[in-house]
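[1] sequence-free structure coming up:
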């Protein structure tokens, strides 16, 4: 009976009307109160608000899995199932009272609607669809209508790729949620994920991720429709059908409205619409949702709460009791009831189940958080019941330890972690039941600790899987045209708004790609980079031009601070290559031209310094046609030519003109005519590098600097001559060393014979046997009478004769030939 001092108010209205806020303020004006909420998550949220208002010593939190009850608590914030029934308080509130129409939990809300009362004030908060049915069931109740703070309008259909910021996409299966979250990650940078199966801590972390602005999108199941207050501008349905545990059905208009109503926060207007392959809403449905003109609830679910535990039949009879009011419908097939029937059938011949009916019923109400393996759930209840029915009447420590064994491991994917959390929540619920577990305080703390640890890891996995924070931050800032804070560290890493996006290698920006980086990501990063690195690129160009700290490597690339900033490519001849710069598109055209002109000028100076003698061959003004022809041949052959190939020209050049060759740095040797300076390591490397570039030869390699003698018959003869080596069968001898060796031989020659000495072998740096072989290949004949003596023969006789005449008639060139040092 309701006494005259009791006031009952039903505060009804759509979402975003501030009903919960008003009820909290009203409760705190009373000395004490109980506030019932549909979710542990919401209970925690209201608990935190109350603690902030009146202090932690006055506020208790009671849920199935968590209990914080100070000794002097005045205000009890609870899930509806955990509301203390016998406690007398001045104020009672039940939020989301339309849950009375929920098939699974509705009977609990209905029981609180009918029986939970505050001594001074009782408040029911929820949808306006409950007004008629509440007025039929509760006499003398007052109604307060709450209007929405903002408008709710239909936004039509939008592709996911075209969704604006602060949007939630609704899906109705884990597979759909994951698929849409991955799509948004690719196109928008990522989204937070909210599902009913997530632990409260994980859900809170995901909500915070969204609320903080780290991501602008949310993918959620219909769990979003109940009390979660977030800054959502628009809500889009990817589907209007869901599987309700028995069948796939279309959402009711009330359900659609409840979810759509989460769009628009306080004074900000909200929109709702459809996306993906979702069917369209008809005009009548749209109008009713926009105007909150929803059909009244016709029935709500009920189950008798005054059970008879005298025997199994009476217990079942009391559960099957039908309601007297036509507005009430008895709950069918609830999990706890079907589990009870299973045990009563199983225990027909077992007094244990018959004589502990109240305890058995309490055990049957252990929630099935996993909702996958019915038999597993049955086994847990059976085991718990049997422990509580023994003489100790406690679940032992060893059993709790075994059940939690391995659940604390925090590795695995999203599904594995979710499975572990579901298991832990079961044992958290058991540990929180009064007098059920040995050392209950310990197990309460341990299960909470494990759940928190796994929840944090699950949050990390969701974030890692469905959020590319880099793309998310950059996309948002670019869309809002915000100034991007760019930093380039000493390792050339480009950090924009605290996100590592890539590396600035020289003048080229390289995106930090991952296996999940897509074309849309690349566009966002490049756009951000253009804004962020433009000034730095210009500074680097100025630095390159000013300090000239560059060099040309063996691959014809121009290097600055270990990075390529340009490269040579084939030009109209091998000493005049073209130059292309290696710079990012972000660099202004003005600076590109500036850099290109500088590199061309630098290379001209560089090649003139290293290959000056070779370049001068084409620039000298020579009147003598034979001398001119010889210089042309020498230039075309990269500064080295075999004497026998131009002997006919050489004979036509006078002694006076030969002096001009010497003044140009050209040496006329016994085997070759060449530029000695072009045999220096730096010159050889550059000459050959340019020759290979012009002739598209990338396979051949230059011999190491310092080698005078090579043994490899497979080497390319023509290429080795360019490198300054002459071939004798399987040996190659450096041509300037060959000339010195020839002079040494002439100096030691008497009567067409000469004796080998260690000085000759040391000059080449070869073994004695190799040197003997070389003499044979050079057409010297071994003297039969003396071991280390060789004789001039064949062409060498002529060479010896010519040489004596040559040295006699040309003392100027004799000086050159004998200048070994």
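    All right, it came through fine. None of the values given here were measured: they were computed from a predicted structure. Residues are numbered from 1 along each chain as shown.
[2] Residue 511 and residue 502 touch, don't they?
    Yes. With contacts counted by C-beta atoms under 8 Å, residue 511 reaches residue 502, the gap being 4.4 Å. No exception for glycine: its C-beta is placed from N, CA and C like everyone else's.
[3] what about the two, which has more around it?
    residue 502 (21 against 16; other C-beta atoms under 10 Å).
[4] A helix includes the more buried one, no?
    No. Assessed with DSSP: H, G, I helix; E, B strand; the rest coil, residue 502 is strand; it does not lie in a helix.
[5] Quick check: beta-bridge partners of it?
    residue 494, residue 511 (DSSP bridges).
[6] I'd like the distance between it and residue 790.
    67 Å (C-beta to C-beta, to the nearest Å).
[7] again, but for residue 294
    116 Å.
[8] Please identify which of these two sits among more neighbours.
    Taking other C-beta under 10 Å, residue 294 and residue 790 do not tie; residue 790 has more neighbours (23 against 19).
[9] now the more buried one, nearest residue through space, not along the chain?
    residue 780 (4.2 Å; C-beta to C-beta, 6 or more residues apart in numbering).
[10] can you pull the pLDDT of the one you found?
    Here the pLDDT value assigned to residue 780 is 88.
[11] Tally up the residues packed near it, please.
    21.
[12] Give me the distance from the helix or strand encompassing residue 456 to the chain's centre.
    Per DSSP states H and E: residue 456 is located in helix 440-466. Put simply, helix 440-466 sits 23 Å off its chain's centre (C-alpha atoms, centre = their mean, to the nearest Å).
[13] for that helix, packing partners?
    helix 174-188, strand 192-194, helix 200-211, helix 397-404, helix 414-432 (3 or more C-beta pairs under 8 Å, 6 or more residues apart in numbering; DSSP states H and E).
[14] can you pull the contacts of the nearest residue to residue 7 once chain neighbours are set aside?
    Excluding the flanking residues, the one nearest residue 7 by C-beta to C-beta, 6+ apart is residue 121, at 5.0 Å. Residues in contact with residue 121 (C-beta atoms under 8 Å, 6 or more residues apart in numbering) are 6-9, 26, 30, 90-92.
[15] Next, give phi and psi for residue 149.
    Here is the backbone geometry of residue 149 (degrees, to the nearest 10): phi -70, psi -30.
[16] Burial check on it, number of neighbours?
    16.
[17] again with residue 621
    Counted with other C-beta under 10 Å, residue 621 comes out at 5.
[18] Likewise for residue 585?
    Applying other C-beta under 10 Å, we find 10 other residues in the vicinity of residue 585.
[19] How about the one 10 residues further on?
    Residue neighbour count, defined by other C-beta under 10 Å, stands at 24 for residue 595.
[20] mind showing which ranges of the stretch 51-200 of the chain have poor pLDDT?
    Counting by pLDDT under 70, not a single residue of the stretch 51-200 of the chain qualifies.
[21] would you list every one of the strands in it?
    59-62, 67-68, 75-79, 91-94, 121-126, 142-145, 152-157, 167-170, 192-194 (DSSP state E, counting those that start in this stretch).
[22] quick one, which of the helices and strands packed on helix 440-466 is packed in tightest?
    Of all these, strand 192-194 has the most neighbours on average by mean count of other C-beta atoms under 10 Å, namely a mean of 29.
[23] For that one, which helices and strands make contact with it?
    The contact analysis (3+ C-beta pairs under 8 Å, 6+ apart) places strand 192-194 against helix 200-211, strand 217-220, helix 440-466.
[24] Now do the buried residues in the biggest strand by length in the chain.
    The residue-count maximum for a strand in the chain (DSSP state E) belongs to strand 563-573. Neighbour-count burial for strand 563-573, counted by 16 or more other C-beta atoms under 10 Å, picks out 563-568.
[25] Parallel or antiparallel, which strands does it pair with?
    strand 557-560 (antiparallel), strand 576-581 (antiparallel).
[26] Outside of that strand itself, list whatever touches it.
    Contacts with strand 563-573, where a contact means C-beta under 8 Å, 6+ apart, come from 505-508, 544, 550, 552, 555-559, 577-583, 595-596, 599, 603, 690, 693-694, 696.
[27] Mind telling me which residue is nearest the centre of the chain?
    residue 468 (5.4 Å; C-alpha atoms, centre = their mean).
[28] That one is in contact with residue 190, isn't it?
    Yes. At 5.3 Å, residue 468 and residue 190 qualify as touching, with contact defined as C-beta under 8 Å.
[29] quick one on the thing from earlier: winner for burial among the strands paired with strand 563-573?
    strand 557-560 (a mean of 19).
[30] rewinding a little: the residue nearest to the centre of the chain and residue 409: what is the separation?
    For residue 468, the distance to residue 409 - C-beta to C-beta - is 27 Å.
[31] next one: residue 570
    With C-beta to C-beta as the criterion, residue 570 and residue 409 are 61 Å apart.
[32] just to revisit the earlier point, between the strands of the stretch 51-200 of the chain, which one is nearest to residue 319?
    For the strands of the stretch 51-200 of the chain, the distance to residue 319 is smallest for strand 75-79, at 22.0 Å, taking C-beta to C-beta.
[33] Tell me the strands beside that closest one, with direction?
    Strand 75-79 has these strand partners (DSSP bridges): strand 33-37 (parallel), strand 59-62 (parallel).
[34] can you redo these as CSV with distance to residue 444?
    As requested, the strands paired with strand 75-79 are exported to CSV (distance: least, C-beta to C-beta, whole Å):
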stretch, distance to residue 444
strand 33-37, 21
strand 59-62, 13
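[35] Okay, now the unreliable bits of the stretch 651-800 of the chain?
    Ranges of the stretch 651-800 of the chain meeting pLDDT under 70: 699, 713, 794-800.
[36] if we go to 50?
    For the stretch 651-800 of the chain, no stretch has pLDDT under 50.
[37] now, which of the contacts of residue 121 lie within helices?
    When DSSP state H is applied, these are split such that residue 26 fall in helices.
[38] which among the contacts of residue 121 end up buried?
    8-9, 26, 30, 90-92.
[39] Identify the residues contacting residue 613.
    Contacts of residue 613 by C-beta under 8 Å, 6+ apart are 639, 664-666, 675, 677-678.
[40] ok, those vs residue 414, which is closest?
    Checking the contacts of residue 613 one by one against residue 414 (C-beta to C-beta), the nearest turns out to be residue 678, at 67.4 Å.
[41] quick one: the nearest residue to residue 550 once chain neighbours are set aside from residue 256, how far?
    Excluding its sequence neighbours, the residue lying closest to residue 550 (C-beta to C-beta, 6+ apart) is residue 560, at 4.9 Å. In this view, residue 560 and residue 256 are 62 Å apart by C-beta to C-beta.
[42] cool, residue 548 as well?
    70 Å.
[43] Which one of those two is surrounded by more residues?
    Each of residue 548 and residue 256 has its neighbours counted (other C-beta under 10 Å); residue 256 has more, 24 against 13.
[44] Could you list the residues in contact with the helix or strand hosting that one?
    When elements are defined using DSSP H and E, residue 256 is found to belong to helix 253-260. With C-beta under 8 Å, 6+ apart as the test, helix 253-260 has contacts from 14-15, 98, 101, 127, 129, 152, 170, 222, 224-226, 235, 237, 240, 251, 270, 272, 281, 285, 288-289, 292, 294-295, 297.
[45] Quick check: nearest residue in space to residue 705, chain neighbours excluded?
    Residue 705 sits nearest to residue 681 (C-beta to C-beta, 6+ apart), 3.9 Å away.
[46] Residue 736 versus that neighbour, what's the distance?
    For residue 681, the distance to residue 736 - C-beta to C-beta - is 13 Å.
[47] These two - which one has more neighbours?
    The neighbour comparison of residue 681 against residue 736 (other C-beta under 10 Å) goes to residue 736, with 16 against 11.
[48] what separates the closest residue to residue 72 other than its chain neighbours from residue 28, distance-wise?
    Distances taken as C-beta to C-beta, 6+ apart place residue 57 nearest to residue 72, at 5.8 Å, with adjacent residues excluded. According to C-beta to C-beta, residue 57 stands 14 Å off from residue 28.
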